[in-house]
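need the 3D shape of this:
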Amino acid sequence: MKPRVMILLGSASDFRIAEKAMEIFEELRIPYDLRVASA
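This is a model prediction of the structure:
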């Protein structure tokens, strides 16, 4: 299934913040994609 949600981080150090959202998406079986877009 194609991801329905995009988690976009400004830097790899923000990963800790996104972990909770990722847990919820996994519990609800919502496909997501995670990207880090640092300058």
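
show me the helices in the protein, by range?
Under the criterion DSSP state H, the chain contains helices at 15-27.

could you give the number of residues near the residue nearest to residue 11 when sequence neighbours are not counted?
With Cβ to Cβ, 6 or more residues apart in numbering as the criterion, residue 11 has its nearest non-adjacent residue at 4.4 Å, and that residue is residue 38. Bear in mind the C-beta positions are built from the backbone N, C-alpha and C, glycine included. For residue 38, the tally of surrounding residues (other Cβ atoms under 10 Å) stands at 9.

list the contacts for residue 38?
Going by Cβ atoms under 8 Å, 6 or more residues apart in numbering, residue 38 touches 9, 10, 11, 12.

one more: residue 37?
8, 9, 10.

how long is stretch 2-16 from one end to the other?
24 Å (Cα to Cα, to the nearest Å).

got the confidence number for the closest residue to residue 17 other than its chain neighbours?
With Cβ to Cβ, 6+ apart as the criterion, residue 17 has its nearest non-adjacent residue at 7.9 Å, and that residue is residue 9. pLDDT, residue 9: 95.

before we move on, what about residue 39?
68.

all numbers from here: first residue = 692
With the count now opening at 692, the last piece we talked about shows up as residue 730.
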